[in-house]
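Peer 1: Task: produce atomic coordinates for the following.
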Amino acid sequence: MCDTPVILTSFDGDAQLEYWASARRLIDYPHLKTLVETKGVDVVDSYTKLVETIQKYINDQDTNLENRISSVNQYCSNYQEMSTEKVVNLYINTLGHEQN
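Peer 2: Numbers count the residues shown, from 1 in each chain. Now for the predicted structure:
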C-alpha cells in the first residue's frame, strides 16, 4: 500500500449485474474482507461516493492515516522473512517434516 490511500470500488459503474458477475462480490473475498475490516481502505459503492472519497484524500492526504498504517502493519508485520519462505515453511510444518 506504500502510504497510498486505497479505494476499493465495489460497484459496476452504471450496470446492474447479478452478484456473481458483479464487482460487489469482491468485498466478500476472504483476503479483501479481512483487509476491509482493518478500516485501512475505503469501500465505495457508487460514482458519487468515489468522487467524494477521492476529494477527501485530495483535501487531506492524512485522511484515515492511523487505520492505513495499522492495516499495513497487520499485513506486513514480519518482513524479515520472505513470503515464499513463509509458505514453504507452512507446508513443511503442516506435513510434519522438519526443516533442514
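Peer 1: Now the most centrally placed residue in the chain. Nearest residue, chain neighbours left out?
Peer 2: Compute the mean C-alpha point of the chain, and by C-alpha atoms, centre = their mean the closest residue is residue 35, 4.1 Å away. Using C-beta to C-beta, 6 or more residues apart in numbering and skipping the chain neighbours, the partner closest in space to residue 35 is residue 41 (5.9 Å). Every residue, glycine included, has its C-beta placed from N, CA and C.
Peer 1: what's that neighbour in contact with, if anything?
Peer 2: 6, 7, 8, 35, 68, 71 (C-beta atoms under 8 Å, 6 or more residues apart in numbering).
Peer 1: in what helix or strand does the residue nearest to the centre of the chain lie?
Peer 2: Assigned by DSSP states H and E, residue 35 falls within helix 30-37.
Peer 1: now do residue 43
Peer 2: Assigned by DSSP H and E, residue 43 belongs to strand 42-44.
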